[in-house]
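Engineer: below: sequence and its predicted model.
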Amino acid sequence: MAEQLLRAAPELAVASAMPARARALSGPHGPRPRRRFSRRNVFIYGTLALVAVYYLLPLYVMVVTSLKGMPEIRLGNIFSPPVEITFEPWIKAWSTACTGLNCDGLSRGFWNSVMITVPSVFLSISIASINGYALANWRFKGAEVFFTVLVVGAFIPYQVMLYPVVIVLREIGLYGSLWGLVLVHTIFGMPILTLLFRNYFASLPEELFKAARVDGAGFWTIYLRIMLPMSLPIFVVAIILQVTGIWNDFLFGVVYTKPDTYPMTVQLNNIVNAVQGVKEYNVNMAATLLTGLVPLVIYFISGKLFVRGIAAGAVKG
Amino acid sequence: TDLEVTHWWTSGGEAAAVAELAKAFDATGNKWVDGAIAGSGDIARPIMIGRITGGDPMGATQFNHGRQAEELVQAGLMRDFTELAQKEGWTKFIHPKSLLDGCTLDGKIYCVPVNIHSQQWLWLSNKAFADAGVAVPKNWDEFVAAAPALEKAGIVPLAIGQQPWQTTLAFQVILVALAGPETFQKVFGDKDATLAAGAEMAKVFAAADQARQMSARSNVQEWNQATSMVINGKAGGQIMGDWAQGEFQVAGQVAGKDYTCLPGLGVNEIISTGGDAFYFPKQTDPEKAKAQEALASVMLSPATQVAFNLKKGSLPVRGDVDLNAANDCMKKGLEILAKGNIIPAPDQLMSADGVTQINDLFVEFFANKELSPQDAQKRFAEIIAAAD
Amino acid sequence: MTSVQVRDVSLSFGAYDVLKELNLDVPEGEFLVLLGPSGCGKSTLLNCIAGLLDVSEGQIFIKGKNVTWEEPKDRGIGMVFQSYALYPQMTVEGNLSFGLKTAGMAKDEIARRIARAAEILQIEPLLQRKPAALSGGQRQRVAIGRALVRDVDVFLFDEPLSNLDAKLRSELRVEIKRLHQKLANTMIYVTHDQIEAMTLADRIAVMKGGVIQQLDAPQVIYNKPVNRFVAGFLGSPGMNFLDGEVEGDAPTFVATDTKIPLGRYGFGDAAKPGKAVFGVRPEHIATGDAAAAMPFQVDARVELVEPMGSDTLVWTKLGGQSFAFRVEAERHLASGDQLRIGFDPARASLFDGQSGSRM
Amino acid sequence: MTSVQVRDVSLSFGAYDVLKELNLDVPEGEFLVLLGPSGCGKSTLLNCIAGLLDVSEGQIFIKGKNVTWEEPKDRGIGMVFQSYALYPQMTVEGNLSFGLKTAGMAKDEIARRIARAAEILQIEPLLQRKPAALSGGQRQRVAIGRALVRDVDVFLFDEPLSNLDAKLRSELRVEIKRLHQKLANTMIYVTHDQIEAMTLADRIAVMKGGVIQQLDAPQVIYNKPVNRFVAGFLGSPGMNFLDGEVEGDAPTFVATDTKIPLGRYGFGDAAKPGKAVFGVRPEHIATGDAAAAMPFQVDARVELVEPMGSDTLVWTKLGGQSFAFRVEAERHLASGDQLRIGFDPARASLFDGQSGSRM
Amino acid sequence: MTPTYQGRPFSLFRNLNAKIASIPMILTALVIFVGGTAWTVFYSFTNSKLLPRASFVGFDQYERLWATPRWLVAVENLAIYGVCTLVFSLVIGFVLAALMDQKIRFENTFRTIFLYPFALSFIVTGLAWQWILNPNFGIQQVVRNLGWESFTFDPLYNADIVIYGILIAGLWQGTGLIMCLMLAGLRGIDGDIWKAARVDGIPTWKTYVFIVIPMMRPVLVTTLVIIASGIVKVYDLVVAQTSGGPGIASEVPAKYVYNYMFLAQNLGQGFAASTMMLLSVVIVIVPWAYLEFARRRRHG
Ligand SMILES: Nc1ncnc2c1ncn2[C@@H]1O[C@H](COP(=O)(O)OP(=O)(O)OP(=O)(O)O)[C@@H](O)[C@H]1O
Ligand SMILES: Nc1ncnc2c1ncn2[C@@H]1O[C@H](COP(=O)(O)OP(=O)(O)OP(=O)(O)O)[C@@H](O)[C@H]1O
Ligand SMILES: [Mg+2]
Ligand SMILES: [Mg+2]
């Protein structure tokens, strides 16, 4: 029993492993005794586990459903695990689900999404980070005013902007092109990203910037050689936010592109929103999961950096 | 020439129908580039408008004909097909005439109607009435009378999905059926507000009130879920367009035996002639323009019409084609069409703005039990008065 | 009676042992200073006494009661932090009363205690201000007040002055000293500033690497450091160290050309031949006439002069090694000057070359 | 020849004036220290000279050239910051070469300069390390090296030592002093540590509220402060101030029962009757036999004794006010002891009661 | 006096590079946000239908807007949704962050679990929850199958509570990020404060409520901006979950705007509605921004 306890609580084990002292200590000594199932721990882990269930439930349902056949879905309830696992829905969602006449599932949209996301993320982050840098380190008259406008802009529903943006894109001749869409993502990503970058750069020691200026480095040299190498955490945050946002975007993707460049979400919408006919829930769920896969993978890879980056960029007002 | 065609036909049957159009078009030596967007006009329309006003128009695009595209036409963004229509004699074979009227503005023809969809149907589950121990009703009044029996048997008398357009559809169907086509024409076409506020319409609102009571327990979102309630005998009936028939067919049910269809709610055997049409935004490339003409004539060719409408489950726009394969209910519809008991769809009579407002009203009416029929009628009359 | 007793306390963070079987007895009313370089475990020890860290091993007694497993609030201690850790959004009064209110003390008793603390610390006019509106010194007094109102037996200070500028620091130092004389509580005070340590302490515990090197009265530590580390750590300017060897039977310290006879000055037996370090403090070196009276004398050449206002530090070379001494500010010396210096080896220290401990 | 000239420079942040028509001339090769309390505008002035802040008003000349609107790099200045501001992602070599590369200098010339700077600063073995792997002192040398390689005329230091512990600080202080002697560049050095100021400076500029209060050699500033602020700011332990009044024709300073005759000690004319503050430094006060030789003597009762190792500070009361003096560490005094103290009023300062300026 | 300004360069050219680099930001701010907004406000006074047309009708669109029950429902819903989202995501986010801050094990796992929904689009979120809340398949049916026959839980099908059904999904998607922000904030608080509170004998919850939370102001502000900007824009979620139903019970302003602009083809009405949204945003944001900046300047 005692051994079990020790194995259960490593803190205790370390302490007791030390050789017994020559002078025996009577009464309480060493670390405070801790019960593993103290009320506090039960409360903390209980709450966390309960909440985790709430968060995991939809994922579970999606995964389970996507692995069932349609008859099983009609009969059983959504929480029961699949009796017979089938990957048919996944294959269908990926490669054979139809939208109108195009029956190549999400696969086509996937590459479109990649081609939209990569330049959009790159450009929006580049511009926002330069903005943030200019705002934090090269304050000039009026800069804060533009910045305020930008932040207020973050609150404008996108729908309101659809029309003016169509006009702007038409006027500069980018309407319907990939670059038009990239521009739109850059514009609408700018408020929050600029805010993040500005706060981050402002939290870096100002002396570093001054030292570089004394060394003769100009605006761009300082940005590229001094600031960028120090900004990994905030770039991770920005990349996560933008990849998530742009990858999941539906509205801009559908309004500002053509059918052969529709992103994955449009395909997803087509698959799940086929109003007439029987809903293939399993295919829908598989398509849903497939669409969310890229941002999810990025999250799992960079979760720790994300929190650190947020701490760096968001907290310092 | 490649021609991009946008539409929102993405379900199985619809896609198959579109494939027919594409096949026929490809046969002319051009190529159909499919630009399907699922999720009905709400999602597709801003894209189309955006593309057209943004200066990057598609080759052709689906629109509900009627007044939706009016301004685009007025702004000179749409192609005029009068010449082609005269050459091919569209006016001669398109039946009913009202279909082409919807495409006509200032005497010029701007669109190509491809099918007719009718909404005025009440679908009944024979099993449900058998379970409740009452006879299958022959008209709306019998249906209302049978409702308590259904309720007692634990059956929802009337299934209505919660999406806004379904409740509006139900109301309009009731209106046409109970008040008759003249009233419909006067109210929606001539915007006769006095009539809208009058006794005739009060009857309609009372009926709608009954409908909403009967549908109180139908807890479904989508129309096909409601239909499947009828199919399973969990609901007595559903007011829905002719496309519901596809569901019964998929479930292997037979008209007359397993289910019953009552056009015009069995009161006024009338159907509306709404439907889908294609518009052709102006193109700068003459090659594309030629392809557009080819597409327009292909869409109206008899062979395409038959092939397309059989797949789509709708009625052809040509009076001169023969549909042998049609089932009972469809034949009922063809008969009515032949008799000329037709009315135009509200879309053709009223601007989208007005239609939306009326939709909103009925959506609210069905959802909000506190809104009395009298108040609803008053608001209805106001909308009609303000509409253009 | 001992007020705080630390018995065989060890503490490790993972594999890293911060405190190693540390023992410490603090009598009641004593002002004990923990002095040591950064990272030596001073704060850790203080946190163990306060109950903010669990010891890995050993016991802690306060007023004879074993408090090893007690909560901090039940130990009868009050603590003042380097950053003061005042609750920023509460007024001074709120800061003082928050703990008492939480303990459910009666309103009038709270008011009485705050009034008393405020009077002692002279912060009556500040009671309604927020910490942001206080100067460093005022903040520090509030932080002390927070401990004061709780009527604790032992005050723990963790570098309470290190955030302040020199002037304020010396003022507050005096205040703390006065406060101690007034309250006569036991106080344990962490610092790495040796002036603070010297002026405040009844006894100083010099720590290094989690071990107490020497625990004694300031003067003893200053004048008789037990090892080279303690000797070097105290004193500013620091002690002069000469590396060399002890030679011969009548022991003599030899660093290149400099020979310092040790025999007669109390080093007799301890000074075993071998490598050694000879240490002498700059202020124990006499110049001019005074030098002539010293047992050991040598000629030196001035290398660098550092006037420090109150006096001047002069750098020279002895046995080829840097050697500094202090002269009055009025003496005007310049680089290159020659002069005679002398000191009394009896006041110097001799450390073992290997272990560094005092011979 | 003047190396740096600041003419009528004002600077304000919004409505808040940080510098007010400030003038400053620094001759070539001088080591000038800017000393002052936190927030007085020292860094701001330095940044103006470096061109990192735009002045609101006034001009700045370096080597006779008007550089008011020049870029920092074109001013011939090098700057060393409190946190060193080393580029963390570059090696030491990268840090040193960054400015030169940016300026497009030839590779071999860069290498030559780095080699020279590394030699002077003795950082050759560190060239391939990153800043994170350096100790505080090494970092500081790299930071200086960064200015050194650029062959600048003027070095600007912004509190380069304030992040370090006392021991390292005093070592590096000596190094900087040596460097100045070797390079003979103009150096402007910001600090709020007066020991640094006293030991390093050729001249000290004491600032307060954006205004230079006194600009003079350290000894002058220490011994003849122009006002009470300067007097109080320098010296640790600080100068004793007695509030009182100057009375009579043969002027006498009176604080309650203490009367200090001034007439004979050089205050003659300046000492006008009225409120005044009498200041005397603790180390100018003699005790015992030495006191007997002083022109002014008084009996005092010891209130508090602060042993500081090298010497001991004794607190007493004079004219009802706190009064401290310094005795050797060997003197054992205790609270309550009576003794005679004395000082020479000629070495004291007398300030106007209102304006605080020296009489 | 000229000599003082001798050689002072034309101020436009100082920091020229910074200004050039800021051109994208300035253009975006001016052309898109200010320009687009002005354009929208301008056409809200017209009776534009499908295409913008400058035929003015004064405040007609606004009068109609405020007489439209659908708009009123939308505003009411947004208010409920907004307040609840604000309160719940702050509370839940904070509580989770506080629990995560207790030096727990598996912190990484928990954090990933709480954060992953943020990676999913609203379409996905809406769909998943629509399904779980579906009375025929989802939770309700499962509980009934367990034997509790009368159990009812169908928020998406009950007009009175549908907005809460949307809230459940919205919170599921968004609280993870809030938790991360809060956690970052908590980690930024001086450890001595905790020690001081422990010595004072202040219970943990009290320390959080009375000491820690007031100290987290900057994080709270950032969090608030993020939550609030999300609330105003809520659209996809509603569309994916309920399409505004049952009836119009889950209508929201952004959807109203969208529908009127593109479905009803009444741009004027849509613009009027969006102008109202902008106005409310401005009313909330501008005083706050002003306070923030004014406060900064004073503290330097
Ligand atoms: N939570 C911790 N985890 C791991 N190591 C720690 C932790 N806290 C302190 N240490 C280490 O323990 C050692 C002693 O730390 P402590 O804070 O007691 O030093 P200190 O003497 O107070 O130093 P300072 O003068 O800088 O405050 C340090 O080396 C430190 O790095
Ligand atoms: N960017 C700024 N905006 C507004 N006020 C500022 C700014 N920078 C400095 N100040 C104010 O100007 C005054 C002088 O600042 P400065 O940094 O020059 O002080 P300092 O003498 O260097 O102090 P320290 O010894 O603390 O470094 C301070 O009161 C400070 O608050
Ligand atoms: Mg410490
Ligand atoms: Mg400064």
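Structural biologist: Everything's here; your move. Ligands and ions are numbered 1, 2, ... in the order given.

Engineer: low-confidence ranges in the stretch 201-350 of chain C?
Structural biologist: Flagging of the stretch 201-350 of chain C using pLDDT under 70 yields the residue ranges C:263-271.

Engineer: what parts of it come near chain E?
Structural biologist: By Cβ under 8 Å from any Cβ of the partner chain, no part of the stretch 201-350 of chain C sits against chain E. In this view, the C-beta of every residue, glycine as well, is placed from N, C-alpha and C.

Engineer: ranges for the helices of the stretch 201-350 of chain C?
Structural biologist: C:218-223, C:228-233, C:288-292 (DSSP state H, counting those that start in this stretch).

Engineer: one more: the stretch 1-150 of chain C?
Structural biologist: According to DSSP H, counting those that start in this stretch, the helices that the stretch 1-150 of chain C contains are C:42-50, C:92-102, C:107-121, C:136-148.

Engineer: which bits of the stretch 51-200 of chain C sit near chain E?
Structural biologist: So far as Cβ under 8 Å from any Cβ goes, the stretch 51-200 of chain C lies against chain E at C:51-52, C:71-74, C:77-79, C:81-90, C:98-99, C:102-103, C:146-147, C:150.

Engineer: swap in 7 Å and give it another go.
Structural biologist: C:52, C:72-73, C:77-79, C:81, C:83, C:85, C:87-89, C:98-99, C:102-103, C:146 (Cβ under 7 Å from any Cβ of the partner chain).

Engineer: which of the residues you listed fall in strands?
Structural biologist: Among these, the members found in strands (DSSP state E) are C:Ile77, C:Gly78, C:Met79.

Engineer: ok, how many other residues are close to the closest residue to ligand 1 within the stretch 151-300 of chain B?
Structural biologist: Nearest residue of the stretch 151-300 of chain B to ligand 1: B:Gln221, at 54.8 Å (Cβ to the nearest ligand atom). By other Cβ atoms under 10 Å in any protein chain shown, 20 other residues sit near B:Gln221.

Engineer: please apply the same query to C:Gln354.
Structural biologist: 9.

Engineer: just checking, it is part of a strand?
Structural biologist: No. Remark: C:Gln354 does not belong to a strand; assigned using DSSP: H, G, I helix; E, B strand; the rest coil, it is coil.

Engineer: could you find the closest non-adjacent residue to it?
Structural biologist: C:Lys275 (6.6 Å; Cβ to Cβ, 6 or more residues apart in numbering or on different chains).

Engineer: give the contact list for the one you found.
Structural biologist: C:Glu245, C:Gly353, C:Gln354 (Cβ atoms under 7 Å, 6 or more residues apart in numbering or on different chains).

Engineer: low-confidence ranges, the stretch 151-300 of chain B, go.
Structural biologist: For the stretch 151-300 of chain B (pLDDT under 70), the answer is B:250.

Engineer: ramachandran angles for whatever residue of it ends up closest to ligand 2?
Structural biologist: Nearest to ligand 2 in the stretch 151-300 of chain B, going by Cβ to the nearest ligand atom, is B:Pro164, at a distance of 56.4 Å. Phi and psi for B:Pro164, reported as degrees, to the nearest 10, are phi -50, psi -50.
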